[in-house]
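Asks: Structure of the sequence below:
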Amino acid sequence: MQPGRSCPLHYRYAPASLNRPPEIVANTLYVVGGLYGNAPALRAINALAAAEPGPVSLAFNGDFNWFNTDSAGFAAINQTVLAHHALRGNVETELAGDDDTAGCGCAYPDNVSDAEVARSNAMLALLRETARKNPQLRAQLAALPMSLVAEVGGLRVAIVHGDCESLAGWSYDESAMEHATVAAHFTAARARIIASSHTCLPVAIKLDTAQGPCALFNNGAAGMPNFAGTAFGVITRIATTPAATPAALYGTVIDDVHIDALAVAYDQAQWQREFVANWPEGSAGHLSYHQRITSGPRYGLNRAMRSGIRINTTLLRELRTGGTSK
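Replies: Predicted coordinates:
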């Protein structure tokens with residue numbers, strides 16, 4: 001099988017392994033998945049946190065590296081992220097080792113083309129060369145856990161990169177999600193909220209389970225546009241207080257805990273310059289991601305919101321008038 005397709009055995013864990021005491025206890029928690037080396041997005045996230053009325057705990061749930069192949073950018077992103085709570089995604093896991101049999105470690109499903117998988121493997125190989133020049137950071141990445149558990153307002157939160165069975169799991173992908181699987185994960189992890197990333201496209205759902213209402217929020221990507229014609233990333237905010245608008249895109253409430261997708265309005269022009277400096281026209285990164293970075297994916301906001309999720313009506317008006325794509 002082509003590297004990048006299969007899920008390595010050491011990526012796997014039991015959902016019940018998330019049934020443990022929390023490593024994070026917070027009133028406001030930002031879960032940041034898929035930063036992908038976007039420094040302007042990281043600055044925008046810090047600005048959102050600074051605007052909150054109280055302290056914010058940040059948890060980076062993997063793939064905070066990807067486009068940052070320059071040594072300075074690699075060091076800056078990792079030094080900042082590793083000062084907070086973090087777990088390793090498939091990118092960090094593969095950067096920390098030298099075995100290339102898993103390729104990028106993405107465990108791509110069959111609907112992803114062989115050409116795209118090959119380009120991702122090539123991108124990982126180049127980024128690994130940068131990581132080798134930063135051995136101390138590389139060792140820190142290797143030491144990161146594959147999951148985190150948090151508690152916000154008395155609710156347990158399972159924080160994973162892929163899903164509750166694998167670091168590179170795709171069961172929370174918007175096109176593959178099955179309610180029975182998600183409900184079983186909530187029960188085994190004894191969590192009321194699951195926060196994930198990995199699949200690059202956001203999706204959120206609220207389900208009634210034996211434990212009561214539960215919510216799954218896959219934030220897609222903090223460091224890339226997530227919806228057609230837009231230029232912002234998305235992170236997950238979990239807090240005992242409501243999210244401020246217009247940053248809140250959509251969300252729900254469980255037992256007075258607010259779970260929202262927040263827009264990360266980073267400096268798009270600066271990010272495009274930094275991206276092209278590392279991934280010029282014709283490179284693997286440019287071929288795979290330039291279109292998305294400049295115009296967003298072919299994915300509408302309506303596809304992200306499933307049962308029990310409400311939209312920010314202010315944002316909806318802006319989307320209808322084209323305000324968020326400027």
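Asks: For the stretch 151-300 of the chain, which segments count as strands?
Replies: In the stretch 151-300 of the chain, the strands defined using DSSP state E, counting those that start in this stretch lie at 155-160, 193-196, 203-209, 212-218, 233-239, 248-254, 257-264.
Asks: no no, the stretch 1-150 of the chain
Replies: 24-26, 28-32, 57-61, 85-87, 147-152.
Asks: What lies in contact with the third one?
Replies: I take that to be strand 57-61. By CB atoms under 8 Å, 6 or more residues apart in numbering, the residues outside strand 57-61 that reach it are 24, 26, 28-33, 35, 45, 49, 81, 84-87, 89, 148, 150, 159-161, 195-197. To be clear about C-beta, it is placed using only N, CA and C from the backbone, and glycine gets the same treatment.
Asks: got the residue ranges for the helices in the chain?
Replies: Along the chain, the segments classed as helices by DSSP state H run 39-50, 71-81, 90-95, 114-132, 135-142, 179-189, 268-278, 284-295, 301-304, 313-321.
Asks: outside of the shortest one, which residues touch it?
Replies: Read that as helix 301-304. Around helix 301-304, the neighbours that count as contacts under CB under 8 Å, 6+ apart are 174, 201-204, 220, 226-227, 249-250, 261, 311, 319.
Asks: Repeat the analysis, applying 6 Å as the threshold.
Replies: 202-203, 227 (CB atoms under 6 Å, 6 or more residues apart in numbering).
Asks: right, and Leu141 touches Ala96 too?
Replies: Yes - contact criterion CB atoms under 6 Å: Leu141 and Ala96 qualify, at 4.6 Å.
Asks: Ala47: how many residues sit nearby?
Replies: By other CB atoms under 10 Å, the residues close to Ala47 number 12.
Asks: Which of Leu141 and Ala96 has more residues huddled nearby?
Replies: Neighbours were tallied for Leu141 and for Ala96 using other CB under 10 Å; the higher tally belongs to Leu141 (24 against 18).
Asks: what's near enough to touch Pro21?
Replies: Pro21 neighbours (CB under 6 Å, 6+ apart): none.
Asks: right, I mislabeled it, should have said Leu144
Replies: For Leu144, the contacting residues are 86-88, by CB under 6 Å, 6+ apart.
Asks: Generate a ChimeraX selection restricted to the buried entries among those.
Replies: For the buried members of those, the matching ChimeraX selection, counting by 16 or more other CB atoms under 10 Å, is:
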select :86,87,88
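Asks: Sort out which one of the contacts of Leu144 lies nearest Asp256 for me.
Replies: Lowest distance from Asp256 to the contacts of Leu144 (CB to CB) belongs to Leu87, with 26.8 Å.
Asks: The closest one and Ala143 touch, don't they?
Replies: No - the criterion here is CB under 6 Å, and Leu87 misses it with Ala143 at 10.9 Å.
Asks: any shared contact partners between the two?
Replies: Counting by CB under 6 Å, 6+ apart, nothing touches both Leu87 and Ala143.
Asks: quick one on the thing from earlier: the strands of the stretch 151-300 of the chain: which one's closest to Leu127?
Replies: Leu127 lies closest, by CB to CB, to one member of the strands of the stretch 151-300 of the chain: strand 233-239, at 19.4 Å.
Asks: Please name the strands paired to that closest one in the sheet, noting orientation.
Replies: In the sheet, strand 233-239 lines up against strand 28-32 (antiparallel), strand 257-264 (antiparallel) (DSSP bridges).
Asks: picking up where we left off before, mean neighbour count, the helices of the chain: which tops it?
Replies: helix 90-95 (a mean of 27; mean count of other CB atoms under 10 Å).
Asks: Which of the helices of the chain comes out lowest on mean pLDDT?
Replies: Lowest mean pLDDT of the helices of the chain: helix 313-321, a mean of 62.
Asks: gap between His84 and Gly308?
Replies: 29 Å (CB to CB, to the nearest Å).
Asks: Check Ala239 too.
Replies: From Ala239 across to Gly308, the span is 18 Å (CB to CB).
Asks: Tell me which of those two has more neighbours.
Replies: Set side by side, Ala239 and Gly308 show more neighbours around Ala239, with 22 against 16, by other CB under 10 Å.
Asks: what separates that one from Asn61, distance-wise?
Replies: 17 Å.
Asks: For Pro280, state which of the contacts of helix 301-304 is nearest.
Replies: Of these, the one sitting nearest to Pro280 (CB to CB) turns out to be Phe227, at 26.4 Å.
Asks: What sits closest to the closest one if chain neighbours are left out?
Replies: Spatial nearest neighbour of Phe227, excluding adjacent residues (CB to CB, 6 or more residues apart in numbering): Leu301 at 5.1 Å.
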